[in-house]
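**Q** A predicted structure for the sequence below; I have some questions about it.
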Number of protein chains: 4
Amino acid sequence: MEGFAFSTSVRVRFAETDAQGIAHHASFVVWLEVARVAYLELHAGGYQAIRDRGIEALTTEVCLRYHRAAYFDETLTIWARCRDLRGARFTYEYRIEREEELVADGYSRHATVDRETYRPTRVPDWLAKAIVTAEASSA
Amino acid sequence: MEGFAFSTSVRVRFAETDAQGIAHHASFVVWLEVARVAYLELHAGGYQAIRDRGIEALTTEVCLRYHRAAYFDETLTIWARCRDLRGARFTYEYRIEREEELVADGYSRHATVDRETYRPTRVPDWLAKAIVTAEASSA
Amino acid sequence: MEGFAFSTSVRVRFAETDAQGIAHHASFVVWLEVARVAYLELHAGGYQAIRDRGIEALTTEVCLRYHRAAYFDETLTIWARCRDLRGARFTYEYRIEREEELVADGYSRHATVDRETYRPTRVPDWLAKAIVTAEASSA
Amino acid sequence: MEGFAFSTSVRVRFAETDAQGIAHHASFVVWLEVARVAYLELHAGGYQAIRDRGIEALTTEVCLRYHRAAYFDETLTIWARCRDLRGARFTYEYRIEREEELVADGYSRHATVDRETYRPTRVPDWLAKAIVTAEASSA
């Protein structure tokens, strides 16, 4: 995908379908999280490593547009990129594709907080640097 | 809530929490659907009645902003209203509150399709009328 | 239900259905938990109160037999009773009914642990007494 | 695993954890299904292929014993084998491991039904043969 350097894939589980015979729209929100976790594993030592350093990343916003239905057992590619990292906040943008067909796109916003106090805390430098480096290479 | 005439409530299930100790953000997407189902039950004979007449309502967009965390066993009020009903499309707007505190807000967009062919089909007149009547009384 | 004094009800959510057009079998496991939480709320001040006193109840076993399918928007009654409370362990038994028809039955086993160390700790006397009292009245 | 020839793996998603900080026990039920789907893909052309021939496999029973907690982002191996295929019924047995440590074990029972009528129908010969062949090689 132009503008995206990172992708991961998910396989639609039967439990993720609904009585319309398609993947339920809430399942996509979980897949975006799977993509963020994979992204952070590749670029920043994993989300658990971030948590182990006393930081949680909260989700403050999620928007998804569904362009086509997804079906049981299909493999979907989730393209993800991190944008607008500033202070305690950052944004992920996504495209979900089946082969080269656009299934959904959207974004999520996040804020880093201290794991004990749940008060906002700047994205640590090592993590910010890792993300900036990752995204620079995809520009 | 000013501007909202309809609300329903959900109780946060333990299964809906995550290892951050809060309700997982994807759970909210399910609660919006619970609210739409309750709304249609009150105003239009139920979602199953709509399906029984050969129509499915697909979700084409979901956006949620999370303002505060929600916790296990809390009761949340979900205010919902239907807007912009035109042709095969309509929008729901939501406010999720704990007591009178705003926890999240957002909207979802939907399109009605024929249940056999999955091709767009106008919202049937009886349903459009039911919704317009419901919302007129809340204006 | 003979032998059961406690019940709660759930309404099948659309998100809980699957592409077979029925409630997904994993949804039932969540409903059993909803029933336990409601049971503890009635009889023991709520599950959160137990957690607040430094105890978690882990699930060590779940068994469910599915006799009939459940469908979107149906109201199911979940009968639950607590049995075999001994040391750090106890068992719940369940019957899930639609009107008076048996939909599923089963049981779950649990162990109480210290919330900090996750080591087994006896069910506290106040909780054991509350459960024994509750069940005595249903015998 | 002795006695098991087939395994697949899952990675614990953040959405699958709960406020106890561990994978929620209902998530395991979904993973067993993921394993069955992978098993049928390897041995019988996929579950969708079975559905396409007009058959659904219903879950009639699930039992799980949880021996250890599983945590976010861990990779779990799910060993699965099919047993007792008779008429319209068959059983799967499972062991879920983290590295070589037993995390959970259990079984599920299933019945094949006609996809239109939902009445029991024998497991088709081609599928029975595929499973018997697969399991013979693992004995």
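**A** Nice, thanks for sending it over. Source: prediction; values computed, not measured. Numbering: from 1, shown residues only, chains lettered A, B, ... in the order given.

**Q** Name the residue closest to the centre of chain A, please.
**A** With distances taken as Cα atoms, centre = their mean, A:Arg36 lies nearest the centre of chain A, 3.3 Å away.

**Q** and the lowest-mean-pLDDT helix or strand in chain A, is it in reach of chain D?
**A** In chain A, the helix or strand scored least confidently by mean pLDDT, DSSP states H and E is helix A:47-52, which has a mean of 87. Yes. Using Cβ under 8 Å from any Cβ of the partner chain, we find that helix A:47-52 touches chain D at A:Tyr47, A:Gln48. Bear in mind the C-beta positions are built from the backbone N, C-alpha and C, glycine included.

**Q** Now do the strands in chain A.
**A** Here chain A has its strands, by DSSP state E, at A:6-11, A:55-66, A:75-86, A:89-98, A:101-114.

**Q** hmm, the third one touching chain C?
**A** No. Using Cβ under 8 Å from any Cβ, strand A:75-86 stays clear of chain C, coming no nearer than 15.9 Å.

**Q** Compare the strands of chain A and report which one is nearest to C:Ala15.
**A** Smallest distance to C:Ala15 across these (Cβ to Cβ): 14.6 Å, for strand A:55-66.

**Q** Of all the strands of chain A, which one is nearest D:Tyr94?
**A** Across the strands of chain A, closest to D:Tyr94 is strand A:6-11 (Cβ to Cβ), at 18.9 Å.

**Q** Low-confidence ranges, chain A, go.
**A** A:1, A:138-139 (pLDDT under 70).

**Q** residues from it in reach of chain D?
**A** Applying Cβ under 8 Å from any Cβ, we find that chain A lies next to chain D at A:Arg13, A:Phe14, A:Ala15, A:Val30, A:Glu33, A:Val34, A:Val37, A:Gly46, A:Tyr47, A:Gln48, A:Phe72, A:Asp73.

**Q** Take those and keep only those in helices.
**A** A:Val30, A:Glu33, A:Val34, A:Val37, A:Tyr47, A:Gln48 (DSSP state H).

**Q** and which of these is nearest A:Arg86?
**A** Within those, the smallest distance to A:Arg86 is 19.9 Å, found for A:Tyr47 (Cβ to Cβ).

**Q** so what's that closest one up against?
**A** By Cβ atoms under 8 Å, 6 or more residues apart in numbering or on different chains, the contact list for A:Tyr47 reads A:Arg36, A:Val37, A:Leu40, A:Glu41, A:Ala57, D:Phe14, D:Phe72, D:Asp73.

**Q** Make sure the second one is actually in contact with D:Glu16.
**A** Right, the one you point to is A:Val37. No. Using Cβ atoms under 8 Å, A:Val37 is not in contact with D:Glu16; the gap is 11.4 Å.

**Q** Have a look at these two and say which one is more surrounded.
**A** D:Glu16 (23 against 20; other Cβ atoms under 10 Å in any protein chain shown).

**Q** residues touching the nearest residue to A:Ile131 once chain neighbours are set aside, list them.
**A** In this structure, A:Ile131 finds its nearest non-sequential neighbour in A:Cys82, 4.9 Å apart by Cβ to Cβ, 6 or more residues apart in numbering or on different chains. Neighbouring residues of A:Cys82 by Cβ under 8 Å, 6+ apart: A:Tyr39, A:Phe90, A:Thr91, A:Tyr92, A:Ile131, A:Ala134, A:Glu135.

**Q** Next, give phi and psi for A:Ser118.
**A** Actually, residue A:118 is Tyr. It isn't Ser. Note on A:Tyr118: backbone dihedrals following degrees, to the nearest 10 are phi 60, psi 30.

**Q** One more: A:Val123?
**A** Here A:Val123 shows phi and psi, under degrees, to the nearest 10, equal to phi -60, psi 130.

**Q** residues near it, how many?
**A** Quick note: A:Val123 (other Cβ under 10 Å) scores 22 neighbours.

**Q** show me what contacts the residue nearest to it when sequence neighbours are not counted?
**A** Closest residue in space to A:Val123, ignoring its immediate chain neighbours: A:Thr112 at 5.1 Å, by Cβ to Cβ, 6+ apart. A:Thr112 makes contact with A:Ile55, A:Glu56, A:Ala57, A:Leu58, A:Ala88, A:Arg89, A:Phe90, A:Pro120, A:Thr121, A:Arg122, A:Val123, A:Pro124, according to Cβ under 8 Å, 6+ apart.

**Q** hey, what's the residue nearest to A:Ala104 when sequence neighbours are not counted bridged with?
**A** In space, and not counting its chain neighbours, A:Ala104 is closest to A:Ile96: 4.3 Å by Cβ to Cβ, 6+ apart. For A:Ile96, the beta-bridge partners are A:Ile78, A:Ala104 (DSSP bridges).

**Q** Enumerate every residue touching A:Ile96.
**A** Here A:Ile96 is in contact with A:Phe28, A:Trp31, A:Ala70, A:Leu76, A:Thr77, A:Ile78, A:Trp79, A:Leu102, A:Val103, A:Ala104, A:Asp105 (Cβ under 8 Å, 6+ apart).

**Q** The third one contacts A:Ala23, correct?
**A** I take that to be A:Ala70. Yes. The pair A:Ala70 / A:Ala23 is scored as a contact, 4.1 Å apart, by Cβ under 8 Å.

**Q** so how far is D:Tyr47 from A:His24?
**A** Applying Cβ to Cβ, to the nearest Å, the value for A:His24 to D:Tyr47 is 18 Å.

**Q** any idea how far the spatially closest residue to A:Gly87 that is not a sequence neighbour lies from A:Arg89?
**A** Once flanking residues are discounted, A:Gly87 sits nearest to A:Arg122: 5.6 Å by Cβ to Cβ, 6+ apart. To A:Arg89, A:Arg122 is 9 Å away according to Cβ to Cβ.

**Q** about what we covered before: what's the ChimeraX line that selects buried ones from the residues of chain A next to chain D?
**A** Buried residues among the residues of chain A next to chain D (16 or more other Cβ atoms under 10 Å in any protein chain shown), as a ChimeraX selection:
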select /A:13,14,15,30,33,34,37,47,48,72,73
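
**Q** Need the residues of chain A next to chain D in CSV (columns: distance to C:Val62).
**A** Listed next are these as CSV, based on distance: Cβ to Cβ, whole Å:
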residue, distance to C:Val62
A:Arg13, 19
A:Phe14, 19
A:Ala15, 16
A:Val30, 22
A:Glu33, 25
A:Val34, 25
A:Val37, 27
A:Gly46, 30
A:Tyr47, 28
A:Gln48, 27
A:Phe72, 24
A:Asp73, 26
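
**Q** Could you give the number of residues near the residue nearest to A:Gly87?
**A** 13.

**Q** For it, list the residues it contacts.
**A** Contacts of A:Arg122 (Cβ under 8 Å, 6+ apart): A:Gly87, A:Ala88, A:Thr112.

**Q** Can you tell me how far A:Gln48 is from A:Thr60?
**A** 21 Å.

**Q** What of A:Phe72?
**A** According to Cβ to Cβ, A:Phe72 and A:Thr60 sit 31 Å apart.

**Q** How about A:Thr8?
**A** With distances taken as Cβ to Cβ, A:Thr8 is found 22 Å from A:Thr60.

**Q** Hmm, A:Asp73 and A:Arg98 touching each other?
**A** No. Applying Cβ under 8 Å, one finds A:Arg98 not in contact with A:Asp73, separated by 11.5 Å.

**Q** which residue lies farthest from the center of chain A?
**A** Here, in chain A (Cα atoms, centre = their mean), the farthest residue from the centre turns out to be A:Ala19, at 26.4 Å.

**Q** what are the bridge partners for the nearest residue to that residue once chain neighbours are set aside, then?
**A** Using Cβ to Cβ, 6+ apart and skipping the chain neighbours, the partner closest in space to A:Ala19 is C:Thr17 (3.8 Å). Going by DSSP bridges, C:Thr17 is paired in beta bridges with C:Ala23.

**Q** what about C:Thr17, neighbour count?
**A** Neighbour count for C:Thr17, taken as other Cβ under 10 Å: 22.

**Q** What residues does it make contact with?
**A** So C:Thr17 contacts A:Asp18, A:Ala19, C:Ala23, C:His24, C:Tyr71, C:Phe72 (Cβ under 8 Å, 6+ apart).
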